[in-house]
Structure formats: C-alpha cells, structure tokens
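S.K.: Predicted model, plus sequence, below.
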Amino acid sequence: MSATSRNVSMLILSVLILTLLVMIVLGFMLGFSHPLPWVLIVVLTVIPFIHDKIIAKRFVEWKDAYSVGHKDIDLDHKKLLGMINHLQTAVHYQTDEDSIENTLNELIEYTKYHFSREEKIMQDHNYPGLDEHKQEHAQMVDQVTKFIDEYRVDKTRTIDNVLQFLKSWLINHINGSDQKYRPYLKP
Ligand code: FEO
C-alpha cells in the first residue's frame, strides 16, 4: 500500500469513527432506551478488530514448509519475518521517521548476521552451491542498501518499495534457494 493510499484509508477511518461518535451522541437524544445508539456503539467497538484483521493480511507468516531442517536457521528466518512485520506495523501507523529507520537498520543488520551464520553452516556441511548462494546474499544486501539510500532522500515513497522487496525477496529466498541446502544439513 502506498503512502497516499495509507493516508486516505486512515482519513476515511478517522471520519467514520468521528461520524459514529456524533451519531451516538445524537442517538442518545432519542432516549437511552432507543436501540440506535447502542447498535452504533457495537459497530464502533468492532471497527478496530476489522481494521486489525485487514492489516494482519499484509503480514508475512511463518509456515512449516519454510523450515530448512536446522533449528538455528529456522529461528533466524522466523525472527526476520517478525522484524519485517514490525516494520510493516511501524510504516502503517506512520511511526516517526527515526523509529522506522532504526527498525530498518536492525532488520538489515540481523539479515547480514543471518547470512554470515548461514554461510558458515553451509560451509561446515560442504554445500556445493555455497558460492552461488553467497552471491545471492551479497546482491540482496546491495539492493537493500540502495533502497535505504533512496529512502533517506525520499522518505514517503521508498519505504513501500523497501517493504515489498524485503517481503518478496525473503519469502522467495527462504522458500527457494535456502531449501536447496536442506539435504546437505542432515547429520
Ligand atoms: Fe536464509 Fe540464504 O538466507
């Protein structure tokens, strides 16, 4: 979702909540026994749940099929997906720029740490596709670094590109290239 769409949807949500609040106050003027304000209160209570459900659809979820059969690597992958979701939440709720940048930096640093750990494990298990895999990792770091540099220049536009790239790259990589070394990790 682009920054503009996000702003529009937040505006619509705010207007909807405000309208409901006004209608509830007006509804009570009809009398406390009138059902209208009570129905509107229920609607108002349900809105945050519906909103959270819609937001949750944008989160990336861990699936058992992503497992590479190595506890530490699976934990790293789960942590990375969690960090992407954290970034998604920060972007959606338009947390301050410093906080978004810190979250982004933490994610990149952990990704680099994970790549290095994973490469060591692949090396220890004599995985023949190690060089190719290392190249993919290096390309990913280059691409994300480029996005982050662009983000620092244009903070409204690029964060969506960064999020989309991280989500699709990580899922495709975990579910694709990382699965190739799985048979080599068996003791
Ligand atoms: Fe889990 Fe190749 O990154």
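M.R.: Structure's in. What do you need?
S.K.: use CA for all of it now, contacts and neighbours both
M.R.: Noted.
S.K.: Any stretches of the chain with poor pLDDT?
M.R.: 1-6, 94-95, 156-158, 187 (pLDDT under 70).
S.K.: what domains does the record give for it?
M.R.: 3-56, 64-184 (automatic domain parsing).
S.K.: Mind putting these into CSV with distance to the ligand and mean neighbour count?
M.R.: Below are the domains of the chain laid out as CSV (distance: least, C-alpha to the nearest ligand atom, whole Å; neighbours: other C-alpha atoms under 10 Å):
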stretch, distance to the ligand, mean neighbour count
domain 3-56, 24, 13
domain 64-184, 5, 16
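S.K.: I'd like the next helix or strand past the lengthiest helix in the chain.
M.R.: Determined from DSSP state H, the single longest helix within the chain is helix 97-124. Scanning forward in sequence from helix 97-124 by DSSP states H and E, the next helix or strand is helix 130-153.
S.K.: hey, C-alpha coordinates of that following helix in PDB?
M.R.: The C-alpha coordinates for helix 130-153 follow below in PDB (Å, rounded to 0.1, in the frame of the first residue of the first chain):
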ATOM      1  CA  LEU A 130      27.800 -22.200  -1.400                       C
ATOM      2  CA  ASP A 131      29.400 -19.700  -3.800                       C
ATOM      3  CA  GLU A 132      26.200 -19.100  -5.800                       C
ATOM      4  CA  HIS A 133      24.300 -18.700  -2.500                       C
ATOM      5  CA  LYS A 134      26.800 -16.200  -1.200                       C
ATOM      6  CA  GLN A 135      26.400 -14.200  -4.400                       C
ATOM      7  CA  GLU A 136      22.600 -14.100  -3.900                       C
ATOM      8  CA  HIS A 137      23.100 -12.800  -0.300                       C
ATOM      9  CA  ALA A 138      25.500 -10.100  -1.500                       C
ATOM     10  CA  GLN A 139      23.100  -9.000  -4.200                       C
ATOM     11  CA  MET A 140      20.300  -8.700  -1.700                       C
ATOM     12  CA  VAL A 141      22.400  -6.600   0.700                       C
ATOM     13  CA  ASP A 142      23.400  -4.300  -2.200                       C
ATOM     14  CA  GLN A 143      19.800  -3.900  -3.300                       C
ATOM     15  CA  VAL A 144      18.500  -3.200   0.100                       C
ATOM     16  CA  THR A 145      21.400  -0.700   0.800                       C
ATOM     17  CA  LYS A 146      20.400   1.100  -2.400                       C
ATOM     18  CA  PHE A 147      16.700   1.200  -1.300                       C
ATOM     19  CA  ILE A 148      17.800   2.600   2.100                       C
ATOM     20  CA  ASP A 149      19.900   5.300   0.500                       C
ATOM     21  CA  GLU A 150      16.900   6.200  -1.700                       C
ATOM     22  CA  TYR A 151      14.700   6.200   1.400                       C
ATOM     23  CA  ARG A 152      16.900   8.700   3.100                       C
ATOM     24  CA  VAL A 153      16.300  11.000   0.100                       C
END
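S.K.: From the chain's centroid, how far away is it?
M.R.: Relative to the chain's own centre, helix 130-153 is displaced by 18 Å; criterion: C-alpha atoms, centre = their mean, to the nearest Å.
S.K.: Perfect, I'm done here.
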